[in-house]
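> build me a model from this:
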Amino acid sequence: MVAKDKESSKKAHILVVEDNLNQAINLRSLLEKKRYAVTLTSNSAEALESLKTFQPEVIICDTLLPGIDGFELCRTIKSDEKWNTIPVIMLTILSDPEDIIKGLECGGDHFIVKPYDEAYLLSRINYILINEKVCRQSGSNIGLQIYLAGKKHQINSTRIQILDLLFATYETALKNKRDLERSNRELREIVRSHPKLEEQFQVFEKMRQESQSQISDLELTTDGLAQSISRAIEYRTPYLTGSALKVANLACNISKELKLSKKQTQGIKMAAHVHNIGYLQVNESILNKNGILTENEQYIIQSHPGIAFNLFNKTSFPWPLADILLQHHEKWNGSGYPLGLSGDEILIEARTLTVADVMNAMSTSRPHRPAYDLDKALDHISSNSGTLYDPNVVKACEQLFKEKGYQLEKKEIQNGRQDKNTDS
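Numbering: from 1, shown residues only. Okay, here's the model as predicted:
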């Protein structure tokens, strides 16, 4: 089955690989309403033949295909230099963490679980088209090894691909969790009205616990991917090596001192792991410059919170992740960037991340200075409490170090650029 539609007034061409005819027709109708040109194919062989005649802007591929499955089709596409820049959205009814890893192994760009929300699918397509240039500039493949369920998986995806599959993993986990919680509430109401259903409810409860275990696996996988992203960023900026993990650990401990909620602490942890993601769009010659940055270079460096915001803003998370990333260089007195926010205008999660980030930056050696000792770093945040930093966050940080003996890992870094300030 190969069906091409009219090319006039279409803004992009999408190749759909779907063996279910009804689903394929419904998807084509959805895309045509948004004025996309669509080519339908029902298996991998037809898809590969179509690619010999035209190059689409996006490929949407089911993973469960007859013959060559979607994972192998994606691997074939990504291994061919004529096609390997085409973004591939993988559609599946599967939600096991190993399926996410398989998607990464074969080079998939997005991973969406069926039945999908139509608005979300369209938003992913729009995201791909808008960020096409960013994806091309995202760098070479990283080469990561991930261990899951006792198996080693070799991942050779770009930083942007890993980030996008990170989004997909979280959204899958959140959707499953919301569905399970809603079904559980509804069933409990039924059981209360019909006591004889208690036995059936126990069966359901066992199924719910098994599904919850799968969600936990997804969340663990996502956390691992987040750390992989941070290591990929740090690979481009040697002076940041190990920083994300140290910042995450300190920020989470400060959060607990402040008695922030578990949800807020989880958001801070995620933000800490990816808070320098905006550096993906900054030239490495600037990131690793041995010398004082020019005014223009400093401006480029200071664009990274906005870049991070744009990357995360269109994706649903249980925390205000995009805003935390946007605000983590704001200062209590309004002297920070990029928005010049002050006081409580800055999210508490961002204010917490800021202090942890500065403590780590001062504890890391730079070309123009050795690492400051702990007392000097603490003196800096203390003397700027109420001016640069939230006094409550500073107090919590001081309590950790002075009363509870918290220690930052010492890691001497010999390479990197020279900053004009203490912020990383």
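> pass me the low-pLDDT residue ranges in the stretch 151-300 of the chain, would you?
151-181, 183-184, 187-188, 190-225, 228-229, 232, 235-236 (pLDDT under 70).
> for the nearest residue to residue 331 once chain neighbours are set aside, report the pLDDT, please.
Leaving aside its chain neighbours, residue 331 sits nearest to residue 388 (4.7 Å; criterion: C-beta to C-beta, 6 or more residues apart in numbering). Yep, even glycine has a C-beta here, placed from its N, CA and C like the rest. Looking at residue 388, its pLDDT is 97.
> contact partners for residue 388?
Contacts for residue 388 (C-beta atoms under 8 Å, 6 or more residues apart in numbering) come out as 331, 332, 333, 335, 336, 381.
> which of the residues you listed fall within helices?
residue 381 (DSSP state H).
> which one of the contacts of residue 388 sits in the busiest neighbourhood?
Highest neighbour count within those, by other C-beta atoms under 10 Å: residue 332, with 24 neighbours.
> surely it touches residue 381?
No: look at residue 332 against residue 381 with C-beta atoms under 8 Å: they stay out of range, at 11.0 Å.
> overlap of the contact sets of the two?
Residues touching both residue 332 and residue 381 (C-beta under 8 Å, 6+ apart): 388, 389.
> if we can go back for a sec, from residue 312, how far off is the residue nearest to residue 331?
Distance of residue 388 to residue 312, given as C-beta to C-beta, to the nearest Å: 25 Å.
> please apply the same query to residue 399.
Taken as C-beta to C-beta, the span from residue 399 to residue 312 is 31 Å.
> could you do residue 61 as well?
To residue 312, residue 61 is 25 Å away according to C-beta to C-beta.
> strands along the stretch 1-150 of the chain, start to end?
Assigned by DSSP state E, counting those that start in this stretch, the stretch 1-150 of the chain shows strands spanning 2-4, 13-17, 37-41, 58-62, 88-92, 110-113, 144-148.
> between the ones you listed, which one is closest to residue 259.
strand 144-148 (34.0 Å; C-beta to C-beta).
> now the closest one: mean pLDDT?
pLDDT averaged over strand 144-148 gives 45.
> make residue 1 into 43 and carry on from there
In the new count, where the first residue is 43, that last one comes out as strand 186-190.
> I'd say residue 344 and residue 379 touch.
Yes: under the criterion of C-beta under 8 Å, residue 344 makes contact with residue 379 at 5.1 Å.
> shared neighbours of the two, anything?
Joint contacts of residue 344 and residue 379 (C-beta under 8 Å, 6+ apart) are residue 371.
> domains in the chain, as residue ranges please.
Using automatic domain parsing, the domain parsing of the chain gives 44-181, 279-445.
> worst mean pLDDT among the ones you listed?
Mean pLDDT values for those show the minimum at domain 44-181, a mean of 83.
> specify which member of the contacts of residue 430 is nearest to residue 154.
Taking the contacts of residue 430 together and measuring to residue 154 by C-beta to C-beta, the closest member is residue 378, at 36.7 Å.
> need the contact list for the nearest residue to that closest one once chain neighbours are set aside.
Excluding the flanking residues, the one nearest residue 378 by C-beta to C-beta, 6+ apart is residue 372, at 3.9 Å. By C-beta under 8 Å, 6+ apart, the contact list for residue 372 reads 378, 379, 381, 382, 383, 384, 387, 388, 392, 393, 396.
> I'd say the first one and residue 385 touch.
Read that as residue 378. No: at 11.6 Å, residue 378 and residue 385 do not qualify as touching, with contact defined as C-beta under 8 Å.
> doesn't residue 302 belong to a helix?
No: with DSSP: H, G, I helix; E, B strand; the rest coil as the criterion, residue 302 is assigned coil and is not in a helix.
> so who does it touch?
Taking C-beta under 8 Å, 6+ apart, we find residue 302 in contact with 310, 390, 391, 394.
> how close does it get to residue 431?
16 Å.
> quick revisit: nearest to residue 367, of the strands of the stretch 43-192 of the chain?
When the strands of the stretch 43-192 of the chain are compared by C-beta to C-beta, strand 152-155 sits nearest residue 367, at 20.5 Å.
> run me through the strand neighbours of the closest one, direction for each.
Sheet pairing for strand 152-155, assigned by DSSP bridges, gives strand 130-134 (parallel).
> what segments of the stretch 293-442 of the chain are helices?
304-316, 326-329, 337-343, 346-354, 363-369, 390-404, 416-425, 433-445 (DSSP state H, counting those that start in this stretch).
> can you name every helix or strand that the longest one contacts?
Just to be clear, that refers to helix 390-404. Helix 390-404 sits against helix 285-299, helix 304-316, helix 363-369, helix 416-425, helix 433-445, with contacts defined as 3 or more C-beta pairs under 8 Å, 6 or more residues apart in numbering; DSSP states H and E.
> give me whichever of those helices is most buried.
Of those, the one with the most neighbours on average (mean count of other C-beta atoms under 10 Å) is helix 363-369, at a mean of 24.
> now for it, which elements pack on it?
helix 304-316, helix 346-354, helix 390-404.
> residue 97 contacts residue 122, correct?
No: with contact defined as C-beta under 8 Å, residue 97 does not count as touching residue 122 (11.1 Å).
> may I see the buried residues of stretch 275-286?
275, 276, 278, 279, 281, 282, 283, 285, 286 (16 or more other C-beta atoms under 10 Å).
> ok, residue 361 - how many residues close by?
Neighbours around residue 361, by other C-beta under 10 Å: 18.
> likewise residue 336?
By other C-beta under 10 Å, 11 other residues sit near residue 336.
> do residue 97 as well
With other C-beta under 10 Å as criterion, residue 97 counts 14.
> and it, what does it touch?
124, 125, 128.
> what does residue 275 give?
201, 282, 286, 316, 318, 319, 321, 322.
> change it to 10 Å
Residue 275 sits next to 181, 201, 282, 285-286, 315-322, 329 when contact means C-beta atoms under 10 Å, 6 or more residues apart in numbering.
> JSON lines for those, including distance to residue 75?
Below are the contacts of residue 275 laid out as JSON lines (distance: C-beta to C-beta, whole Å):
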{"residue": "181", "distance to residue 75": "35"}
{"residue": "201", "distance to residue 75": "33"}
{"residue": "282", "distance to residue 75": "45"}
{"residue": "285", "distance to residue 75": "46"}
{"residue": "286", "distance to residue 75": "42"}
{"residue": "315", "distance to residue 75": "38"}
{"residue": "316", "distance to residue 75": "34"}
{"residue": "317", "distance to residue 75": "38"}
{"residue": "318", "distance to residue 75": "39"}
{"residue": "319", "distance to residue 75": "33"}
{"residue": "320", "distance to residue 75": "34"}
{"residue": "321", "distance to residue 75": "38"}
{"residue": "322", "distance to residue 75": "33"}
{"residue": "329", "distance to residue 75": "43"}
